[in-house]
Structure formats: C-alpha cells, structure tokens
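> when you get a sec, could you give me coordinates for this:
(one chain, ligands or ions: 2)
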Amino acid sequence: MANTPTVLITGASTGIGATYAERFAQRGHDLVLVARDITRLNALAAKLRAAHKVEVTALQADLTAPSDLSTIEERLRDDARIGILINNAGMAQSGGILQQKPESIERLIALNITALTRLAAAVAPRFAQAGAGAIVNIGSVVGLAPEFGMSIYGATKAYVQFLSQGLRVELAPKGVYVQAVLPAGTRTEIWERAGIDINTMRDLMDVGELVDAALVGFDRREPVTIPPLSDAGRWDALEAARQGLLSDLHQAHAATRYQRAA
Ligand SMILES: NC(=O)C1=CN([C@@H]2O[C@H](COP(=O)(O)OP(=O)(O)OC[C@H]3O[C@@H](n4cnc5c(N)ncnc54)[C@H](OP(=O)(O)O)[C@@H]3O)[C@@H](O)[C@H]2O)C=CC1
Ligand SMILES: CC(=O)[C@H](N)C(=O)O
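Ligands and ions are numbered 1, 2, ... in the order given. Okay, here's the model as predicted:
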C-alpha cells in the first residue's frame, strides 16, 4: 500500500468530515469524499485540488439508502488505492426516547450504526489481505454517558466504540490500524440539523482543534482518542476496571449472591 494512500471520508461535505478532508489533503493524500450534498462536495473538492494538488473524487451518496450504501461498499472493496477509511457520517437527535418517532430512530441507526459497520466490513478484508490500512470510526463521549439523556444517539456511539475496540482485536494482528475518536460537543452543523439551538450549548470545541487532536492520536496509533480528556489515566483506569470485571465472570454457575437459599 502507498505511503500516502487515498483516504475515503464519509460525511465530508461539512463539519468534522470536511476538516479531515482538508488535513489529509494538506498531508498530500488523494481523497474520495462522500455525502449527499454534491454541490458542497464539488466545491470542497475544487478548493482542495487547487490548494494541495491532490486528486479528489466527490461521490454523492445517502448512506441510509441501500443502493447508495452498496455503491460505496463496492468502491471500498475494489479501489486498492484507498488505504484509510474515515467513517464519520453521522447524525444526532434532540431529546430522549419519548420524543422520537419510529422513522427518525430508523434513520439514526441506519446511518450511525448500519452504514458505518458495513463500510468497515467492506474494506477490512482488503486491508487485512494487504497487511495495512486504517479505519477511523467517529464515536462520541455521549456514548460513555447514559446520564446525558440522549439514549438512542448515545447508544449508537457506544456501539461505535465497542465495534472499534473489537475490530482492533481482530485486525491489529493483521496489520490494520483501527481508531475510535470520541469528540465532545464540537461547533458544527450537527446541532442545528438535530433541532438544537447551538447558542444554548456552552464550551463547544472548534472543529479544527478537534480534528488536529484526533490526528495526533492517529499518528500515535492510539486505539481510542478522546480529544477533550486531559488525564489519559482516567481512560486507562476505566479499561482496567472492565478487564478486571471480565476476569471475575464465572460462566458455569450463578454467583452465590443469586443462588436462592435452600
Ligand atoms: N459536532 C459534535 O458535537 C460531535 C459530533 N460527533 C460525530 O462526528 C460525526 C460528524 O459530525 P459533525 O461534523 O459534527 O456533523 P455535521 O452535521 O456537521 O456533518 C455531518 C456530515 O454527515 C453527512 N451526512 C449526514 N447524513 C448523511 C447521509 N444520510 N448520508 C451520507 N452523508 C450524510 C453530512 O452531509 P450531507 O448533508 O451533505 O449528506 C455532513 O457532511 C458524526 O458521526 C457525529 O455523531 C461526535 C461528537 C460530537
Ligand atoms: C449532538 C451531540 O450530542 C453531539 N454530536 C455529541 O455527540 O456530543
């Protein structure tokens, strides 16, 4: 695989995805940009070609639409130049489960879970075969916090984190790098799209700062990168507690505390 492989970025028309596109173009990577708004994608592609002399392909796709998703899967399977997947496209919802309609739940899961998983699964065999490649999945700190009251969105992001950690276990021995990035609130259009007034949000991170931090983690080959977390030991402690709990599970018998007194 090339030293500067082509990067396929989903949700690249704005926000975190568009910023990844700029940063990878600055590094000299050719790009494949995916989103629904082809006008915005074409404008970004033209700007990046002119500024950085890289090849940029814009692909219009609604990743919740089965035929569009299949097209992007095919591209990931077949285009051997693509060596990095930034699985970024995602959406949020305002409110908890009592506020959601079946269609909006369906769409959220289709984009945040199904599309992200299928794209990773499409590219993984080729990367594993090549013994190289990187899959970056954008989760959220909301996936760590059921307390935030965004249960469905948070659950999709907890899934992204679990999937990323699992894929790392499966694919790292085959030379494939998998990173989960967990941003906290970041200044992008996601808030407005979810019907949340951005002016009600305090302390949002600038999107450039977020992506630059995520790329520090990428360059270090971190499994999980949490840009707003100062003390890395906090994450390590959480992981150690989880591992400790696993080692205390005994499958053959219910724990004594669940056994009825005879
Ligand atoms: N901003 C934040 O506070 C945080 C964001 N995140 C995560 O980061 C990721 C990016 O978010 P952010 O940049 O903020 O969001 P934005 O809303 O700014 O951008 C979302 C991107 O995804 C694309 N997109 C949305 N729906 C679809 C679809 N059905 N098919 C294809 N592309 C789609 C949009 O393009 P188009 O409309 O052209 O299709 C756009 O390019 C998401 O996964 C989000 O959950 C995580 C934590 C915090
Ligand atoms: C809307 C949100 O909650 C945000 N995208 C996040 O994940 O923090």
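> tell me which residues in the helix or strand containing Ala237 are buried?
Taking DSSP states H and E as the criterion, Ala237 maps to helix 232-247. Using 16 or more other CB atoms under 10 Å as the test for burial, helix 232-247 gives Trp235. Yep, even glycine has a C-beta here, placed from its N, CA and C like the rest.
> also stretch 139-153?
So for stretch 139-153, counting by 16+ other CB under 10 Å, buried means Gly139, Ser140, Val141, Val142, Gly143, Leu144, Met150, Ser151, Ile152, Tyr153.
> tabulate those (CSV), appending distance to ligand 2, secondary structure and pLDDT.
As requested, the buried residues of stretch 139-153 are arranged in CSV below (distance: CB to the nearest ligand atom, whole Å; DSSP: H, G, I helix; E, B strand; the rest coil; pLDDT from 0 to 100):
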residue, distance to ligand 2, secondary structure, pLDDT
Gly139, 8, coil, 98
Ser140, 3, coil, 98
Val141, 6, helix, 98
Val142, 4, helix, 97
Gly143, 8, helix, 98
Leu144, 10, helix, 98
Met150, 6, coil, 94
Ser151, 12, helix, 96
Ile152, 11, helix, 97
Tyr153, 6, helix, 97
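> quick check, nearest of these to ligand 1?
Ser140 (3.5 Å; CB to the nearest ligand atom).
> can you pull the phi and psi angles for the closest one?
Torsion angles at Ser140 (phi, psi; degrees, to the nearest 10) stand at phi -170, psi 150.
> that one contacts Gly154, correct?
Yes - in this structure Ser140 lies within contact range of Gly154 using CB atoms under 8 Å: 7.4 Å.
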